[in-house]
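A.B. asks: Pasting a predicted model and its sequence here:
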Amino acid sequence: MPTIAPYGSWKSPITADLTAGGAISFSGLVVDGRDMFWLESRPNEGGRHTIMRRASDGVVSERTPPGFYVRSTVHEYGGGAFAVSRGSIYFVNFKDQRLYSQPLGGPPEALTPAGGHRYADIILDHQRKQLVCVREDHTGEGEPVNTIVTVPLRGGDSGTVLASGNDFYSNPRLSPDGSQLAYLTWNHPNMPWDGCELRLAPVRPDGILGESCLVAGSHTESIFQPGWSPDGVLHFVAEHTGWWNLYRWKGGAAESLCPMQAEFGRPMWLFGFSTYGFASANKILCCYTQQGVDRLAWLDTSSRELSPIASTYTEVDFLSCGDGMAAFIGGSPVLPSTVVHMDFDGDRIRTIQQAFAVTVDNGYISAGEEIDFPTASHRRAHAVYYAPRNRDFTAPAAERPPLILMSHGGPTSAATTALRYVVQYWTSRGFAVADVNYGGSTGYGREYRLRLNGEWGVVDVEDCCNAALFLVEKGLADRDRLAIKGGSAGGYTTFACLAFRNDVFRAGAAHFGVADLEIFAKDTHKFESHYLNTLVGPYPERRDLYLARSPINFTDELRCALILFQGDEDKIVPPSQSQMMFDAVRQKGLPTAYLLFRGEQHGFRKAESLKRAHEAELYFFSKIFGFEPGEPIEPIAIENLPAGA
C-alpha cells in the first residue's frame, strides 16, 4: 500500500544527481552515406560537446579528441558547428572558434587563423575544394559583421566573402552540380521567423557568386530550410498561407507541395535545424507539427500525397537522409531525447542512443497530457500538464498538489514533449507541472505566434496565469501553492507574472531572466539586439512601453518569494539583470536567494551546476510551501526567511 504523505514530501528515486547526469542533449545530426554523426553534450565533462559517429556496421564511437569542444557561438546560440563528407569532419572548436579539419582516425588541424572570427552552418564544396559557411566577424568596431564566406581546405585563410551587405545570413546550400547557391538573409529588426528572404545566385567557375534573385520570402514572410533534391530542384519551407509548408521552385515559380494547417518549420534559434530530407528525387521524408505534437510522414512530390508513418515519437528534429536510411533526434512523453536510425525498407526504426537510460520504474513517471484552456480576449492557449506520480506515495484525500508552472524560453519557442527527468524530479515528489505554450509559441501557426508581437509581458503573463488558475479550477492544483519558473525569456515572464499579477503565484524561480527591458535592449548581442522592437515596440520611440513592462520598475508590487540563478559568463542576459532583481526583492523584505554559477553561460551545462540548481529550488520551495523534502538537501542562504520556516 502506498504511504500517505503530503505532496512535495514524497521520496523519489529521481535524484538531482540523476537529473543532472540525464541532462545530456543531442543536436546537429547529419548523415554521410550510411554513417550517422551527431553532437552530444556532456554535463559530467563541464558541458563539453563532442561528435559521435555510428558507422554503417553499427559501431558507435566518439570522434572528437580530448581538448576539443565542438560548438559555434555565431548568434551566441550557435548550431551548425560541423559537417561531414567523404571521410572527413569539419568543425568549429569552442575555445578559439576556429574551423578545423579532421580525417576519420586522424587528429584535427586548424583551417582558419586565430582571432576575431566565428563560423557556423558549414557545407562542403568539393568541386572547388573549399567550405562554404556563415562567418561572424568581431574584429571591427560596433556590432559584428555577418557574411557567407568560403574557406579553402588547404587552410590558412579566414574566408573569402560570397554574400554580404545584410545583417544576417544562414543556410548556404549548393546545388548538386555546384552551379547555384541558395541562402537565407534578413535584416534588423527581424528575427528569421518574422521574415527573411530566400535568394538564389549562380556560382562562377572561380567560386564567386553572380547576381542573386529573390525566390521567396519578405520582411513579413519567413522561409526555413532551403534544400536541393538529388535532381537539382530547390525546395524550402514557406509561410504563404500562415503555416510553414513545403514548396519547390520550378519554372521560376513557387509550387506548394502539401498545403495543410501544420508546421514543417522551426524558429531558427540555432543553425542546422532540419525537418525534411530526400530519399530520392521525388520522395521526401518529413516531420510536421500539429497542436504542439510532431509527426513523421512520407511526401511523394509527384502525386503530392502525404503518407503518415506510424511511430511513437511526438518530437522530431535534425532529420537527415542518406543512402537507403535516415536519422533524426526524437522523443516522446515516455522516451527521452534519442538518436534514431530509420531504414527506408519497411520504415524500420531503431534506437541508437538515448540521452539517459530510463532505469526508473514507470510507477514514478508522469506522462504529459496536452491541454488547452481559456485565456484573455476570448482566446484559448495550450500547455502540457504532468500530474504528480509516485507508486510509493499518495496524498491525503483533501489535499491538492502544489503546482510548478514552467514558462519556456525564446519566447518564440515551444515546450518539449520528450521525457525529461527535470520534470519528473518534481512530479515524483508530489508536484504538478504545467509547461505552457503561451501565445507566441511555435507549433500552432503564424497567427498564434504573432499574438506576442507588441504584447510581450502581457499575452505571456495572461496565458501563464490563466493556465495556473484553470488547473486550480479543475482541482488539479492548490490555489495557495502555485509557483512559476523559467529561464531566459521564460525568466522574464516569471518576473512579469510576479510583478504584474501578484495575486496568482506564491513563489518564483528565475534562471538568467530579463528584469529590465531597457537595459536588455541596450546591452545584448547582435542577433537579438532589435528583437524587442517586435515584441515590445520600437526603442527609444516607445520607451514608455519598456518602462511599463520592466518588472524591475514594479518591485513594490511583488508579494511573493523569489529565487534566482545566473551564470557569470552569460553574454545574452548579463548577470546584472538577476543581481538588480535580487537586490530589489531583498530590500522589500521578501524571502529570496541568489545563486551565481562560475564558468556558466546562458543555460547551465555543468553537472554540478545543474544538480545544485535542482536541489536549491526544492529546498527553497519546501521552505516557502511548508513541507519537509523526502531526502536531505544541502541548505542555501535565504534572505528574509521568517523564523521557523
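C.D. replies: Noted; the coordinates are in hand.
A.B. asks: Show me where this protein dips below the pLDDT cut-off.
C.D. replies: By pLDDT under 70, the weakly predicted segments of the chain are 22-23, 644-645.
A.B. asks: Please parse it into its domains.
C.D. replies: Domains of the chain are assigned by automatic domain parsing as 29-274, 275-358, 359-625.
A.B. asks: nearest spatial neighbour of Asp157, skipping sequence neighbours?
C.D. replies: The shortest distance from Asp157 to any non-neighbouring residue, by Cβ to Cβ, 6 or more residues apart in numbering, is to Val151 (6.1 Å). Where C-beta positions appear, they are placed from N, C-alpha and C, glycine not excepted.
A.B. asks: That neighbour: neighbouring residues, count only.
C.D. replies: Neighbouring residues of Val151 were enumerated by other Cβ atoms under 10 Å; the total is 25.
A.B. asks: Which elements pack onto the helix or strand harbouring it?
C.D. replies: Val151 is part of strand 145-152 when elements are defined by DSSP states H and E. Applying 3 or more Cβ pairs under 8 Å, 6 or more residues apart in numbering; DSSP states H and E, we find strand 145-152 packed against strand 130-137, strand 160-163, strand 168-174.
A.B. asks: Can I get these in JSON lines including mean neighbour count and distance to Ala279?
C.D. replies: As requested, the helices and strands packed on strand 145-152 are exported to JSON lines (neighbours: other Cβ atoms under 10 Å; distance: least, Cβ to Cβ, whole Å):
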{"stretch": "strand 130-137", "mean neighbour count": "24", "distance to Ala279": "25"}
{"stretch": "strand 160-163", "mean neighbour count": "18", "distance to Ala279": "30"}
{"stretch": "strand 168-174", "mean neighbour count": "24", "distance to Ala279": "18"}
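A.B. asks: Tell me which of those lies nearest to His530.
C.D. replies: Closest approach to His530 among these (Cβ to Cβ): strand 168-174, 10.8 Å.
A.B. asks: what's the following helix or strand after that closest one?
C.D. replies: By DSSP H and E, the next helix or strand past strand 168-174 is strand 180-186.
A.B. asks: Who does the residue nearest to Asp157 form a beta bridge with?
C.D. replies: With DSSP bridges as the criterion, Val151 is bridged to Leu131.
A.B. asks: so it touches Leu99, yeah?
C.D. replies: Yes: with contact defined as Cβ atoms under 8 Å, Val151 counts as touching Leu99 (5.9 Å).
A.B. asks: Now the common contact residues for these two.
C.D. replies: Residues touching both Val151 and Leu99 (Cβ atoms under 8 Å, 6 or more residues apart in numbering) are 111-112, 119, 131, 133.
A.B. asks: For those residues, could you give me TSV that also reports distance to Gly599?
C.D. replies: Below are the shared contacts of Val151 and Leu99 laid out as TSV (distance: Cβ to Cβ, whole Å):
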residue	distance to Gly599
Leu111	28
Thr112	26
Tyr119	24
Leu131	31
Cys133	28
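A.B. asks: Looking at the residues you listed, which one is closest to Gln424?
C.D. replies: Set against Gln424, the nearest of the shared contacts of Val151 and Leu99 by Cβ to Cβ is Tyr119 (37.5 Å).
A.B. asks: State whether that closest one is indeed within a strand.
C.D. replies: Yes: assessed by DSSP: H, G, I helix; E, B strand; the rest coil, Tyr119 belongs to a strand.
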